[in-house]
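1. Make a model of this:
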Amino acid sequence: MMHQEFLAKLGLPLGELWRLGPLARRMSQLKRWDCLLTIKPLNVIGGTGSPANATAVF
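-> This is a model prediction of the structure:
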């Protein structure tokens, strides 16, 4: 139910299948414990999905 509300109606992307292990390992190497994790979805009118395009900004 959340998919319909968040993605289709509000345009909020969901990151439920992201692989965050590599990011966690890299952050541990850098001794950094916070970052801004964001995505840039494709700008397609009527689209219901987008490739995973996550970006972590330290």
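2. Quick one, grab the pLDDT at the residue nearest to Trp18 when sequence neighbours are not counted.
-> Nearest residue to Trp18, sequence neighbours excluded (C-beta to C-beta, 6 or more residues apart in numbering): Ala54, at 5.7 Å. The C-beta positions use only the backbone N, C-alpha and C, and glycine is treated the same way. pLDDT recorded at Ala54 is 81.
3. Ok, Pro41 next?
-> 75.
4. Okay, and the beta partners of the residue nearest to Trp18?
-> Beta-bridge partners recorded for Ala54 (DSSP bridges): Ile39.
5. Could you shift the numbering so residue one becomes 772, and keep it that way?
-> Shifting the count to begin at 772 puts that one at Ala825.
6. how many other residues sit next to it?
-> For Ala825, the count of nearby residues is 14 (other C-beta atoms under 10 Å).
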